[in-house]
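**Student:** with the input below, show me the fold.
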Amino acid sequence: MTKNVSILGCTGSIGRQTLEVVEQLPIQVVAMTAGTNVELMVQQCRQFKPELAVMATKEAADRLASELGEGIRVMHGMEGLIAAAEYESADTVVTAVVGMLGLRPTLAAIAKKKRIALANKETLVCAGELVMAAAKEYGAEIIPVDSEHSAIFQCLMGSHGKEEIRRIILTCSGGPFFGKKQSELQHITKAAALKHPNWKMGNKITIDCSTLMNKGLEVIEAMRLYDLPLSQVDVVIHRQSIIHSLVEFRDGAVMAQLGVPDMRVPIRLAMTYPHRVENPAEPLDLFTCGDLTFHKPDEEAFPCLALAKEAALRGGTACAVMNGANEAAVALYLEDRIGFYDIPRLVRGAMDGVPFVEKPDLQQILAADSAARAAVHTLL
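**Tutor:** Prediction:
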């Protein structure tokens, strides 16, 4: 069980919920990182009293240091992120930063043999082979925090290897636009896209849920975590978000993990594994949760899912290009500079235009990510 934790991305949705969990457990926060939300970071630092606090920019770090005074070391930028990931007394590192920003700190934490409570799916999407190979080399534990991958992790407890798995079935809420066709989504508003039916998340991941790109990223993440081909990872729309994912075994048995849609449940398990501890939150009530329904995803209305699968099949730098282009396109959408279907259009353009590397190293992956972002702005 975790004793000391470093939280990368403590002011985001997952980071804030991690701190809620930590409050209920005998865990000390020793390092925290944030973007530019100095006001919230000041509050968190005063409450949890970490030894190291990191902000994204020097300006934000200077403001934080001024507010906190002496007693907490303050750093900024990638150097600070890596310092927090490697922090000596931390036995667990929660990687809750958004996007490719989490890759280098995650690799740094793995090299220090930390437990990785992984909430940054882009790390495995873009460099999954490198990350999993490093975890094996250094003996670092990776415990997924995504509700779907935590569900799979739990369903596989006690199994005897991937040869027993017939397929993994990732559940998907379908987002706010389930059942709508392309013609109905052409001019969908940002406000509508940000209204997720079941989960409270940051803006970027909420938009990814509305396009189903988030599920495409999770397909790739599952492939990397469990070393399975695309043919053994399926997606099913489950509107109620009660079944968080399933594993079908070769003998026909299917195991599922059920629970209320509350990210604090998988966060708590990542902190306490291999033990389970009491959770004060309201448990699932089977008599009131309603009917559980299942549907096939519509990849014509939501082409981002198909684009992610295409990148998964191709491998190499294709996933880094796809992910980088999506991050850039979603940022433009959140700025009201493009429409809903411009997101898959720009991702498609980057995937077609950025040179492909079949067996990339870390620098080539980072270069592919940068090239994809540049391609999106060129296409725009």
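
**Student:** just the strands in the stretch 251-380 of the chain please.
**Tutor:** Along the stretch 251-380 of the chain, counting by DSSP state E, counting those that start in this stretch, strands occupy 254-258.

**Student:** for it, what spans make up the helices?
**Tutor:** Using DSSP state H, counting those that start in this stretch, the helices of the stretch 251-380 of the chain run over 264-272, 303-314, 318-334, 342-353, 362-379.

**Student:** between those helices, which gets nearest to Tyr138?
**Tutor:** Comparing the helices of the stretch 251-380 of the chain by their distance to Tyr138 (CB to CB), the top pick is helix 362-379, with 15.2 Å. Any C-beta I mention is one placed from the backbone N, CA and C, and that applies to glycine too.

**Student:** then that closest one to PDB, C-alphas only?
**Tutor:** Output in PDB follows, covering the C-alpha atoms of helix 362-379 (Å, rounded to 0.1, in the frame of the first residue of the first chain):
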ATOM      1  CA  LEU A 362      11.700   8.200 -27.800                       C
ATOM      2  CA  GLN A 363      13.000  11.200 -29.700                       C
ATOM      3  CA  GLN A 364      11.300  10.000 -32.900                       C
ATOM      4  CA  ILE A 365       8.000   9.700 -31.000                       C
ATOM      5  CA  LEU A 366       8.300  13.200 -29.600                       C
ATOM      6  CA  ALA A 367       9.200  14.500 -33.100                       C
ATOM      7  CA  ALA A 368       6.200  12.800 -34.600                       C
ATOM      8  CA  ASP A 369       4.000  14.400 -31.900                       C
ATOM      9  CA  SER A 370       5.400  17.800 -32.700                       C
ATOM     10  CA  ALA A 371       5.100  17.300 -36.500                       C
ATOM     11  CA  ALA A 372       1.400  16.200 -36.100                       C
ATOM     12  CA  ARG A 373       0.600  19.400 -34.100                       C
ATOM     13  CA  ALA A 374       2.300  21.500 -36.800                       C
ATOM     14  CA  ALA A 375       0.400  19.700 -39.500                       C
ATOM     15  CA  VAL A 376      -2.900  20.500 -37.900                       C
ATOM     16  CA  HIS A 377      -2.100  24.200 -37.900                       C
ATOM     17  CA  THR A 378      -0.900  24.000 -41.500                       C
ATOM     18  CA  LEU A 379      -4.100  22.200 -42.500                       C
END
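
**Student:** what sits up against that helix?
**Tutor:** 100, 103, 107, 126-127, 130, 317, 320-325, 327-329, 332, 345-347, 349-350, 353-355, 357, 360 (CB atoms under 8 Å, 6 or more residues apart in numbering).

**Student:** buried subset of those, written for PyMOL?
**Tutor:** Restricted to buried positions by 16 or more other CB atoms under 10 Å, the PyMOL selection for these reads:
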select buried, resi 100+103+107+126+127+130+317+320+321+322+323+324+325+327+328+329+332+345+346+347+349+350+353+354+357+360
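
**Student:** would you point out the helix or strand in this protein whose mean pLDDT is lowest?
**Tutor:** helix 190-193 (a mean of 88; mean pLDDT, DSSP states H and E).

**Student:** I'd like to know which elements the helix or strand following it is packed against.
**Tutor:** The element immediately downstream of helix 190-193 (helix or strand, assigned by DSSP states H and E) is helix 203-211. Helix 203-211 is packed against helix 190-193, helix 213-226, helix 318-334, helix 342-353, with contacts defined by 3 or more CB pairs under 8 Å, 6 or more residues apart in numbering; DSSP states H and E.

**Student:** how is the chain carved up into domains?
**Tutor:** In terms of domains, the chain is parsed into 4-144, 161-257+278-314, 316-374 (source: automatic domain parsing).

**Student:** and Ile152, which of these is closest to it?
**Tutor:** domain 161-257+278-314 (5.1 Å).

**Student:** can you get me the start-to-end distance on the closest one?
**Tutor:** Terminal residues of domain 161-257+278-314 are spaced 25 Å apart (CA to CA, to the nearest Å).

**Student:** again with stretch 194-202
**Tutor:** 9 Å.

**Student:** again with stretch 258-278
**Tutor:** Using CA to CA, first and last residues of stretch 258-278 are 17 Å apart.

**Student:** who's in contact with that stretch?
**Tutor:** 1-2, 5, 13-14, 17-18, 20-22, 25, 27, 92, 94, 115, 117, 119, 143-147, 150-151, 154, 198-199, 241-244, 279, 281-284.

**Student:** what's the mean pLDDT across that stretch?
**Tutor:** Across stretch 258-278, the average pLDDT comes to 95.

**Student:** kindly report the same for stretch 215-235.
**Tutor:** 96.

**Student:** buried residues in it?
**Tutor:** 215-226, 230, 232-235.

**Student:** contact partners of that stretch?
**Tutor:** 121-122, 124-125, 128-129, 131-132, 142, 144, 146, 148-149, 152-153, 156, 162, 165-172, 208-209, 297, 304-309, 311-313, 319, 323.

**Student:** list buried residues within those residues.
**Tutor:** Buried among the contacts of stretch 215-235 (16+ other CB under 10 Å): 121-122, 124-125, 128-129, 131-132, 142, 144, 146, 148-149, 152-153, 156, 165, 168-172, 208-209, 297, 304-309, 311-312, 319, 323.

**Student:** which residues touch the closest residue to Gly252 other than its chain neighbours?
**Tutor:** Distances taken as CB to CB, 6 or more residues apart in numbering put Arg166 closest to Gly252, at 7.9 Å, once the chain neighbours are dropped. For Arg166, the contact set (CB under 8 Å, 6+ apart) comprises 232, 248-250, 252.

**Student:** perfect, that will be all.
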